[in-house]
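**Q** Structure for this input, please:
(chains A and B)
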2 protein chains.
Amino acid sequence: MSTAPASLRHSRDTITPALRAAVDRRDHRSRHQAAYHFGWITAGGAPTSADAGKAVRPALALLSAEAVGAPPEVALPGAVAVELVHNFSLVHDDLMDGDEERRHRRTVWKLWGPSSAILTGDAMLALAQEVLLDTGSPTAAPAARLLARTTRHLIRGQVQDLTFEQRGRVTVEECVDMAAGKTGALMSASAAIGAVLAGSPETTVDALALYGDHLGIAFQLVDDVLGIWGDPAVTGKPVHSDLRSRKKSLPVSHALNQDGPLSGELADWLATSGEPDEEELRRVAGLIEGAGGRDWALAEAARRMTLAEEALSGVGLDAGARGELLALGRFVVDRKV
Amino acid sequence: MSTAPASLRHSRDTITPALRAAVDRRDHRSRHQAAYHFGWITAGGAPTSADAGKAVRPALALLSAEAVGAPPEVALPGAVAVELVHNFSLVHDDLMDGDEERRHRRTVWKLWGPSSAILTGDAMLALAQEVLLDTGSPTAAPAARLLARTTRHLIRGQVQDLTFEQRGRVTVEECVDMAAGKTGALMSASAAIGAVLAGSPETTVDALALYGDHLGIAFQLVDDVLGIWGDPAVTGKPVHSDLRSRKKSLPVSHALNQDGPLSGELADWLATSGEPDEEELRRVAGLIEGAGGRDWALAEAARRMTLAEEALSGVGLDAGARGELLALGRFVVDRKV
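**A** Numbering: from 1, shown residues only, chains lettered A, B, ... in the order given. Next up, the predicted model:
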């Protein structure tokens, strides 16, 4: 049995008190929206324990320290910081994408308006740096530097994502580069930040970062497959959600760049506007599958997982933690398909 | 003659190459909006040299290092970082406030949409931390920590500002606290960050920070006076701009909290909606002035400037740099009224 569910539970339990303490640094008015977003309170302010997400990134951060033989508490500020950066991007993305629900609850902008979502996200980003730098540890500065650079790449991926919406075609390479920014960068930083905080040598840090890069892209490939063919009961999103918004996700970009009539038909449909009905969405999902978009995405995800696992070989990591990192990666990517 | 205009010119000239290098870290697509916002290019991408703002915060940062006897280049990453944080807040504020022009040019959100403004601001905030931490100096971490804490206070002030719009009355204390967050916090960090980067003792850093706190509140008081009674040719904003949006600025909150009929009349008008005409705006400006809002704001600004100047006494600063800090503070606050 995989150790991943236990790692994730442990990660959530470990970081929550520190994450709450970070959010509590905000004044009482403005901490409300962040506490709601993290699932600790209802929109009205009553205590609750809603789904706060899987805590994959903090789990990676904690295992990253263990993998280099450091106690996990060394990584705790890093685990909290990557979770804050991740949620900064979710709160801003929900607003930019106009998504009204996340984890079966209304989004911050939907409840309190765009300005609240902008400011809640901004505050999470500032808090991430503050949590890291408040430790006063000599390794806090390189960790904070990693996080700032990562945030820049994360934003670059989001910019590409929005740009692609306005373009007819995007190459598969551009789409993978976007996923590397939007998803890979923070997974990579999460897998490396524990080792950075533990003061590990660069080759070790780089190996963990590479693991996270590949894992992030694999995760995005699978997420994109689910955005088209996923079960709404599992994904928490409407069926065909990525098709409704005509998103040029990875399977779509692969299908668009094939020869043959299906690709042309798909391009023509993407250039249309209006709200498609269920039948139309099923037909378009069929076009993408027929042009090989689904099979390619799943095969590429598997290839990335192999590369991720190879990255962790030969750098002398703690065997137990390395096994847990591999199990966590596989769990995150496989669980959904 | 004041040395302030020369300090500001020097500050702008000193930081611009480093600021451009920071913005150039973004990929070519997404650096465009930031370069436009800073006045380096037109919306179409042609080189230009539009008004990039007064560069008050970087000037404070550079003088802060000089005041403790350090060469100004020690403060350069700090000067760039505070300018990036300031402009992060402008780009997001313009979107949240729906302001279509800044420095006589269209705002980022107006030209490229809300998502571009959100992402451009986000990127500026991340770059500010990156620029500081890339120096690898042992003082970079405390400077980055100061900046992260400051950003939290800045966001708190903005949250209060938005909250006040939905409330009938706010106390003068609440309004001053909002100004301390929205304007004082970053002025304070700017005046202190050079000394932090130079490794100065805490008492010196605190004195410079206190100077910046008071200066920031004085600046906001004068800015609020100009938002009601300022000349559009000088402010670059429409006449009575803060009244049009029924903003509970400092002079308004003072007037609202006085006894007498003018205060009640003002409260009634603030509770109305619709687009007021020029005559109505002149009448309301008269109510605020009649209730003492203008005189109080200007007297309080003068009092804060005295406190700012006192903060710099007795901590053994370089006399020349101290003189320039005082001249800069007076110039920034007096110039406008």
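**Q** next one: the worst-scoring helix or strand of chain A on mean pLDDT to chain centre, how far?
**A** Least confident helix or strand, chain A: helix A:232-235 with a mean of 78, by mean pLDDT, DSSP states H and E. Relative to the centre of its chain, helix A:232-235 is centred 17 Å away, using C-alpha atoms, centre = their mean, to the nearest Å.
**Q** Next SSE downstream of it?
**A** The helix or strand immediately downstream of helix A:232-235 is helix A:241-244, counting by DSSP states H and E.
**Q** Excluding residues flanking it in the chain, which one is nearest residue A:129?
**A** residue B:148 (3.9 Å; C-beta to C-beta, 6 or more residues apart in numbering or on different chains). In short, each C-beta sits where N, CA and C put it, glycine included.
**Q** and the one you found, how many neighbours does it have?
**A** Neighbourhood size, residue B:148 [other C-beta atoms under 10 Å in any protein chain shown]: 26.
**Q** Residue A:328 is in contact with residue A:63, isn't it?
**A** Yes - at 6.8 Å, residue A:328 counts as touching residue A:63 under the criterion of C-beta atoms under 8 Å.
**Q** Now the common contact residues for these two.
**A** residue A:7 (C-beta atoms under 8 Å, 6 or more residues apart in numbering or on different chains).
**Q** Which one's more surrounded, those two?
**A** residue A:63 (30 against 25).
**Q** Just the pLDDT at the more buried one, thanks.
**A** The model reports residue A:63 with a pLDDT of 97.
**Q** show me the contacts for it.
**A** Here residue A:63 is in contact with A:7, A:191, A:194, A:321, A:324-325, A:328 (C-beta under 8 Å, 6+ apart).
**Q** For ChimeraX, what selects the buried ones among the residues you listed?
**A** Buried subset of these, written as a ChimeraX selection, criterion 16 or more other C-beta atoms under 10 Å in any protein chain shown:
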select /A:7,191,194,321,324,325,328
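**Q** Check the secondary structure at the residue nearest to residue A:129 for me.
**A** helix (DSSP: H, G, I helix; E, B strand; the rest coil).
**Q** Need the per-residue pLDDT for it.
**A** 98.
**Q** wouldn't it be in contact with residue A:124 here?
**A** No - the criterion here is C-beta under 8 Å, and residue B:148 misses it with residue A:124 at 11.6 Å.
**Q** center of chain A, which residue is that?
**A** Geometric centre of chain A, nearest residue: residue A:183, 4.8 Å, by C-alpha atoms, centre = their mean.
**Q** Quick check: next helix or strand after the one helix or strand residue A:58 maps to?
**A** Applying DSSP H and E as the criterion places residue A:58 in helix A:56-67. Per DSSP H and E, the first helix or strand lying C-terminal to helix A:56-67 is helix A:76-97.
**Q** Which residue would be the closest one in the stretch 201-337 of chain A to chain B?
**A** residue A:245 (13.5 Å; C-beta to the nearest C-beta).
**Q** what's the least confident helix or strand of chain A packed up against?
**A** With contacts defined as 3 or more C-beta pairs under 8 Å, 6 or more residues apart in numbering or on different chains; DSSP states H and E, helix A:232-235 has these neighbours: helix A:202-229.
**Q** in the helix it packs on, what counts as buried?
**A** Across helix A:202-229, burial judged by 16+ other C-beta under 10 Å covers A:204-229.
**Q** With stretch A:298-305 instead?
**A** A:298, A:300-301, A:304-305.
**Q** In helices, which of those residues fall?
**A** A:298, A:300-301, A:304-305 (DSSP state H).
**Q** Can you verify my assumption that residue A:143 contacts residue A:194?
**A** No - Residue A:143 sits out of contact with residue A:194 when judged by C-beta under 8 Å, with a separation of 9.1 Å.
**Q** Between the two, which contacts overlap?
**A** The contact sets of residue A:143 and residue A:194 overlap at residue A:78 (C-beta under 8 Å, 6+ apart).
**Q** quick one on the thing from earlier: show me what the least confident helix or strand of chain A is in contact with.
**A** A:226-227, A:238-239, A:241, A:336.
**Q** try 6 Å
**A** A:226, A:238-239 (C-beta atoms under 6 Å, 6 or more residues apart in numbering or on different chains).
**Q** ok, back up a step: check what pLDDT the closest residue in space to the residue of the stretch 201-337 of chain A closest to chain B that isn't next to it in sequence gets.
**A** Counting by C-beta to C-beta, 6+ apart, residue A:97 is the residue found nearest to residue A:245 once chain neighbours are left out, at 7.5 Å. On pLDDT, residue A:97 comes in at 90.
**Q** burial count for residue A:97?
**A** Counted with other C-beta under 10 Å, residues neighbouring residue A:97 total 17.
**Q** Then residue A:39?
**A** Other residues lying near residue A:39 total 16 when counted by other C-beta under 10 Å.
**Q** how close does residue A:4 sit to residue B:44?
**A** Separation of residue A:4 from residue B:44 (C-beta to C-beta, to the nearest Å) stands at 51 Å.
**Q** Name the residue in the two with the higher neighbour count.
**A** Neighbour totals were compared for residue A:4 and residue B:44, and residue A:4 leads with 22 against 8 (other C-beta under 10 Å).
**Q** State the distance from the residue nearest to that one when sequence neighbours are not counted to residue B:164.
**A** With C-beta to C-beta, 6+ apart as the criterion, residue A:4 has its nearest non-adjacent residue at 3.3 Å, and that residue is residue A:331. Here the distance between residue A:331 and residue B:164 works out to 47 Å (C-beta to C-beta).
**Q** residues from the stretch 51-200 of chain A in reach of chain B?
**A** A:92, A:96, A:115, A:118-119, A:122-123, A:125-126, A:129-130, A:133, A:140-141, A:144-145, A:148-149, A:151-152, A:155-156, A:158-159, A:162 (C-beta under 6 Å from any C-beta of the partner chain).
**Q** is it true that residue A:181 touches residue A:158?
**A** No - between residue A:181 and residue A:158 there is no contact under C-beta atoms under 6 Å: 7.6 Å.
**Q** Now for the residue of the stretch 151-300 of chain A found nearest chain B: which residues touch it?
**A** As assessed by C-beta to the nearest C-beta, chain B sits closest to residue A:151 within the stretch 151-300 of chain A, at 3.8 Å. Residues near residue A:151 by C-beta under 6 Å, 6+ apart: A:85, B:126.
**Q** State the helix or strand in which it lies.
**A** helix A:140-165.
**Q** Can you list the neighbours in contact with the helix or strand that that helix is followed by?
**A** Sequence order places helix A:172-179 as the next helix or strand after helix A:140-165, per DSSP H and E. Identification of contacts with helix A:172-179 by C-beta under 6 Å, 6+ apart yields A:157, A:160-161, A:217, A:220, A:250, A:253-254, A:257.
**Q** now these in a markdown table, with pLDDT?
**A** Converted to a markdown table, the contacts of helix A:172-179 look like this (pLDDT from 0 to 100):
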| residue | pLDDT |
| --- | --- |
| A:157 | 95 |
| A:160 | 93 |
| A:161 | 90 |
| A:217 | 97 |
| A:220 | 96 |
| A:250 | 96 |
| A:253 | 95 |
| A:254 | 97 |
| A:257 | 94 |
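**Q** Just give me the closest of those residues to residue A:71.
**A** residue A:217 (30.4 Å; C-beta to C-beta).
**Q** Would you confirm that that closest one contacts residue A:302?
**A** No - under the criterion of C-beta under 6 Å, residue A:217 is not in contact with residue A:302, lying 11.7 Å apart.
**Q** so where's chain A uncertain?
**A** Under the criterion pLDDT under 70, the flagged ranges of chain A are A:1, A:335-337.
**Q** Based on its surroundings, how many neighbours for residue A:318?
**A** Residue A:318, neighbours per other C-beta under 10 Å, totals 16.
**Q** Distance from stretch A:113-122 to the middle of the chain?
**A** How far stretch A:113-122 lies from its chain's middle: 20 Å, per C-alpha atoms, centre = their mean.
**Q** outside of that stretch, which residues touch it?
**A** For stretch A:113-122, using C-beta under 6 Å, 6+ apart, the contacting residues are A:33-34, A:88, A:91-92, A:95, A:108-109, B:92, B:96, B:155, B:158-159, B:162.
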